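S.K.: A structural model of the following input is requested.
(one chain, ligands or ions: 2)
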Amino acid sequence: MATMISFSEAQRLLQQHAERLVSESVPVASALYRVLAEPVLAQETIPPFANSAMDGFAVRHQDVQSASNTAPIRLRIAGSSAAGEAPAKPTSIEKTAWRIMTGAAVPAGYDAIYPIENVSVDGELISIDSACEAGAHIRKAGEDFAKGETFAKAGRRVTPAMIAALASTGIDTVNVVEQPRVLHFATGSELVESAQTPLQPGQIRNSNSPFLQAALASMQVRAIYGGQVRDEPNEFITALQSAMAMHKPHIVLTTGAVSAGDFDFIPRVIAELGGEIIFHKCTIKPGKPILFARLPSNVFFFGLPGNPVSTAVGLRFFVTPFLRRLQGLPEANLATAVLRGYLHKPKADWRFFLKAHSESDDSGRTIIEVQGGQESHKIKPLIDSNAWLVLDEGRTHFANGDLVHYCSLLDAGME
Ligand SMILES: Nc1nc2c(c(=O)[nH]1)N[C@H]1C(S)=C(S)[C@@H](COP(=O)(O)OP(=O)(O)OC[C@H]3O[C@@H](n4cnc5c(N)ncnc54)[C@H](O)[C@@H]3O)O[C@H]1N2
Ligand code: MOO
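M.R.: Ligands and ions are numbered 1, 2, ... in the order given. Predicted coordinates for the structure are as follows:
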């Protein structure tokens, strides 16, 4: 049996075993929050042509260089252009202005735009009373995207903004990493699934499975709930094998049955299935009994400890980095905040994760404070927290004002 390992060694093993999934081509409309499998190159130049940023008049800047309040310059309106029209090609443009709408192509020869509110219009003439720079209020061709330019690297999530970039550069399908499929089960003879079923003495409701289903869905992975099983290894093996055959998951998660109790059967099940336990137990609190294994079919298995906060920590700090790596996402770094209050960590070489609240102070620094109720069965403090405060190894005392590590508790590792 493996000995208890450090958090950093556990992370190293997770990274070592996670290989990026294959890619697939999907319509951009279905690509939201998927991860790019390849760099994306602009198919077109954007803007495709020089166009006006304002409703107003196009001029040649040299024609109005001497314009002033006392000596305004009058220009004849030679024509007009609306958005969507082919670029006008006026012939004689010297000392003329061209009426133009936002987004319309700037006719050849003109090199600056005056917004309508900055000129006086008098029939076929406009009057200008200040000089301007060449290029004023003109959006140059290609100043956003150049055709062939790589504007997004592999490993980036497709955000709504990315969809705008893809659409504007003429891209309608994109290669993304296959969506991870995660099959999860709850173990525990004490668990009751339905809110309609009254609790019998000794029973509790299953909160881990609804939590995992929701958290995985919010991370844009395909979450498949295999059900809850009693602390009965053969029952679990049967349920696991049939669900794996049906859903072909990349990862299996279980909650509970990984600690030291008489019914903590997960390690035995892994062995019986011919799997390999890569690590079992890590110097973290909560979540110490976490187990990571590989099943013979190369499906990875996380045994998350059953306490709800331990399950949440296992998901956030073990499963999530593994899922990120499967999708080719970069490792997510912890941020730094200023601690409010004093904390004592009884085990210097362990890593602790605390439910916390972070906010900006008046000078813009992030201040973090732990919530009451850190025990790993307490769910209520989780809903009042927005951050995981991480107490690093190597220290026992953390003083008011110290810099500490943290990450968001709300974004589920999506950043
Ligand atoms: N002698 C020892 N006892 C325990 C140790 C230990 O090292 N030695 N570790 C403790 C720690 S730390 C944790 S965490 C728990 C983890 O135990 P298991 O993963 O084996 O989980 P269970 O015993 O099955 O359950 C623990 C706890 O969580 C409740 N639970 C389980 N599943 C759910 C669910 N789906 N929804 C809500 N709550 C759930 C369960 O009823 C238990 O109260 O072990 C400690 N013990
Ligand atoms: O680590 Mo257990 O998760 O302390 O409750």
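S.K.: Could you see whether ligand 1 lies near the lengthiest helix in the chain?
M.R.: The longest helix of the chain (DSSP state H) is helix 233-247. No - Helix 233-247 stays clear of ligand 1 (Cβ under 6 Å from any ligand atom), getting no nearer than 12.2 Å. Quick note: C-beta positions are derived from backbone N, CA and C, even for glycine.
S.K.: what about residue 126, helix or strand, and which?
M.R.: strand 125-128 (DSSP states H and E).
S.K.: helices or strands up against the helix or strand immediately after that strand in the chain?
M.R.: The helix or strand immediately downstream of strand 125-128 is strand 138-139, counting by DSSP H and E. Where contact means 3 or more Cβ pairs under 8 Å, 6 or more residues apart in numbering; DSSP states H and E, strand 138-139 is packed against strand 51-52.
S.K.: For residue 8, see how far away the closest residue to residue 23 other than its chain neighbours is.
M.R.: Once flanking residues are discounted, residue 23 sits nearest to residue 37: 3.3 Å by Cβ to Cβ, 6 or more residues apart in numbering. Noted for residue 37: a distance of 29 Å to residue 8, by Cβ to Cβ, to the nearest Å.
S.K.: before we move on, the earlier item: what's the neighbour count on the residue nearest to residue 23?
M.R.: Counted by other Cβ atoms under 10 Å, the residues lying close to residue 37 total 20.
S.K.: Please apply the same query to the one 5 residues further on.
M.R.: Here the count is done by other Cβ under 10 Å, and residue 42 has 22 residues near it.
S.K.: quick one, what contacts it?
M.R.: Contact analysis of residue 42 by Cβ atoms under 8 Å, 6 or more residues apart in numbering lists 145-149, 151, 169.
S.K.: separation between residue 395 and residue 356?
M.R.: Residue 395 sits 17 Å away from residue 356, going by Cβ to Cβ.
S.K.: higher neighbour count, those two?
M.R.: residue 356 (24 against 14).
S.K.: Ramachandran angles for that one?
M.R.: Residue 356 adopts backbone torsions of phi -150, psi 170, taken as degrees, to the nearest 10.
S.K.: in the sheet, who's paired with it?
M.R.: Beta bridges link residue 356 to residue 370, residue 387, judged by DSSP bridges.
S.K.: contacting residues for it?
M.R.: 368-371, 385-389, 406, 409.
S.K.: Kindly report the same for residue 340.
M.R.: Residue 340 makes contact with 367-369, 400, according to Cβ under 8 Å, 6+ apart.
S.K.: per-domain residue ranges of the protein.
M.R.: Domain assignment for the chain, taken from automatic domain parsing, gives 7-21+178-326, 24-46+144-177, 51-139, 335-408.
S.K.: next one: stretch 127-137 to chain centre, how far?
M.R.: Distance of stretch 127-137 from its chain centroid, counting by Cα atoms, centre = their mean, to the nearest Å, is 44 Å.
S.K.: likewise stretch 139-151?
M.R.: With Cα atoms, centre = their mean, you get 25 Å for stretch 139-151.
S.K.: so of the contacts of residue 42, which ones are in strands?
M.R.: Residues of the contacts of residue 42 located in strands (DSSP state E): residue 151.
S.K.: What parts of the stretch 151-300 of the chain come near ligand 1?
M.R.: Counting by Cβ under 6 Å from any ligand atom, the stretch 151-300 of the chain sits next to ligand 1 at 186, 188, 190-191, 204, 206-209, 255-261, 264, 286, 288-289.
S.K.: again, only this time at 5 Å
M.R.: With Cβ under 5 Å from any ligand atom as the criterion, the stretch 151-300 of the chain comes near ligand 1 at residues 186, 188, 206-208, 255-260, 264, 288-289.
S.K.: Name the nearest of those relative to residue 245.
M.R.: Among these, residue 186 lies closest to residue 245 (Cβ to Cβ), at 20.1 Å.
S.K.: From the rest of the structure, what touches the strand holding residue 126?
M.R.: Contacting residues not belonging to strand 125-128 are listed as 57, 59, 64, 67, 72-77, 97, 114, 118-120 [Cβ under 8 Å, 6+ apart].
S.K.: Each with direction, which strands does it pair with?
M.R.: For strand 125-128, pairing defined by DSSP bridges yields strand 73-81 (antiparallel), strand 120-122 (antiparallel).
S.K.: Now residue 179: which helix or strand?
M.R.: Here residue 179, judged by DSSP H and E, is contained in no helix and no strand.
S.K.: That one: neighbour count?
M.R.: If we define neighbours as other Cβ under 10 Å, then residue 179 has 18 of them.
S.K.: list the contacts for it?
M.R.: Applying Cβ under 8 Å, 6+ apart, the residues contacting residue 179 are 34, 220-222.
S.K.: Setting aside sequence neighbours, what's the nearest residue to the one residue in the stretch 101-250 of the chain that gets nearest to ligand 2?
M.R.: Of all residues in the stretch 101-250 of the chain, residue 208 sits closest to ligand 2, at 12.2 Å by Cβ to the nearest ligand atom. Nearest non-adjacent residue to residue 208, counting by Cβ to Cβ, 6+ apart: residue 255, 4.1 Å away.
S.K.: quick one on the thing from earlier: any idea of the mean pLDDT in the strand holding residue 126?
M.R.: For strand 125-128, the mean pLDDT works out to 98.
S.K.: Report the distance from that strand to the chain centre.
M.R.: On Cα atoms, centre = their mean, the centre of strand 125-128 falls 52 Å from that of its chain.
S.K.: Could you pull out the buried residues of it?
M.R.: 126, 128 (16 or more other Cβ atoms under 10 Å).
S.K.: Could I get the full set of helices for the stretch 201-350 of the chain?
M.R.: For the stretch 201-350 of the chain, the helices defined by DSSP state H, counting those that start in this stretch occupy 208-218, 233-247, 266-272, 308-314, 320-326.
S.K.: Just list what the fourth one packs against, helices and strands only.
M.R.: Counting contacts by 3+ Cβ pairs under 8 Å, 6+ apart, helix 308-314 packs against helix 208-218, strand 300-304, helix 380-383.
S.K.: one more time with 6 Å
M.R.: Contact here means 3 or more Cβ pairs under 6 Å, 6 or more residues apart in numbering; DSSP states H and E; on that basis helix 308-314 packs against no helix or strand.
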